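Asker: Need coordinates for the below:
(one chain, ligands or ions: 2)
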Amino acid sequence: MSPCLFCSIVDGEVPSRMVYEDESSIGFLDISPFHRGHTLVIPRRHVVDGTVDPSVWTEVAPGIVAISDLVKSRLGATGVNILSNAGADSGQAVFHFHVHIIPRYADNPGMGALSHRDPGAAEDLDGLHALLTSG
Ligand code: 5GP
Ligand code: ZN
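Answerer: Ligands and ions are numbered 1, 2, ... in the order given. Sure thing, here's the model as predicted:
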C-alpha cells in the first residue's frame with residue numbers, strides 16, 4: 001500500500017465515497033465534513049500541495065466546477081467555499097494536494113460558520129453519497 005493516504009484512495013486500496021472522476025482527478029466525500037456535502041478534489045498523481053506545480057490546478061479545475069454544481073443542484077447549497085491548505089502551519093494534515101469544496105447554506109452563512117464542523121454533517125454519509133451519485 002502507498003504510504004500516502006490519498007494515493008491509496010486513488011489506487012482503490014482505501015475506500016472512499018467517490019462522487020466525481022476524470023482522467024486527472026477524483027472527488028470524494030470528506031470523512032469529517034465541516035458542512036453537509038463537504039468534498040475533496042485531488043489529482044490522481046502525487047503532488048504535495050498547490051504551491052509546487054501550477055499545472056496541478058488545471059487538473060482539478062473541472063472537478064471543482066462539477067462538484068460545486070452537484071452540491072447546488074442535489075443538496076440545495078447556495079454557495080461553496082473552495083480552499084486548499086498548503087503546509088502544516090496552514091492546517092494541512094494530508095500531504096497530497098487537495099481542494100476542499102464546502103457547500104454552504106442560507107441558514108448558516110459566512111466565514112464564522114466555517115471554523116467549526118456542523119454537528120450532524122457526518123451523519124449518514126452513505127445516504128448522502130447515494131443522493132449525489134444516483135442517476
Ligand atoms: P487538510 O487539513 O489536510 O486540508 O484536510 C484533510 C482532510 O482530509 C480533512 O478534512 C479530513 O477530514 C479528510 N480526511 C482525512 N482522512 C480521510 C480519509 O481517510 N477519507 C476521507 N474521505 N477524508 C479524509
Ligand atoms: Zn499521494
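Asker: Please count neighbours and contacts with C-alpha atoms only from this point.
Answerer: Will do.
Asker: isn't residue 91 right up against residue 85?
Answerer: Yes - assessed by Cα atoms under 8 Å, residue 91 is found in contact with residue 85 at 6.2 Å.
Asker: of these two, who's got more company?
Answerer: Using other Cα atoms under 10 Å as the criterion, residue 91 and residue 85 rank with residue 85 on top: 19 against 10.
Asker: What is the neighbour count of the closest residue to that one other than its chain neighbours?
Answerer: Distance criterion Cα to Cα, 6 or more residues apart in numbering; nearest residue to residue 85, sequence neighbours excluded, is residue 92 at 5.0 Å. Neighbours of residue 92 under the rule other Cα under 10 Å: 15.
Asker: Three-state assignment for residue 92, please.
Answerer: Under DSSP: H, G, I helix; E, B strand; the rest coil, the three-state class of residue 92 is coil.
Asker: Can you report phi and psi for it?
Answerer: phi -60, psi 130 (degrees, to the nearest 10).
Asker: what pLDDT does it get?
Answerer: For residue 92, the model assigns a pLDDT of 98.
Asker: for the one 10 residues further on, same thing?
Answerer: Residue 102 is assigned 98 on the pLDDT scale.
Asker: now what about the helix or strand hosting it, what contacts it?
Answerer: Residue 102 belongs to strand 99-104 when assigned by DSSP states H and E. Outside strand 99-104, the residues within contact range by Cα atoms under 8 Å, 6 or more residues apart in numbering are 34-42, 64, 67-68, 71-72, 77-85.
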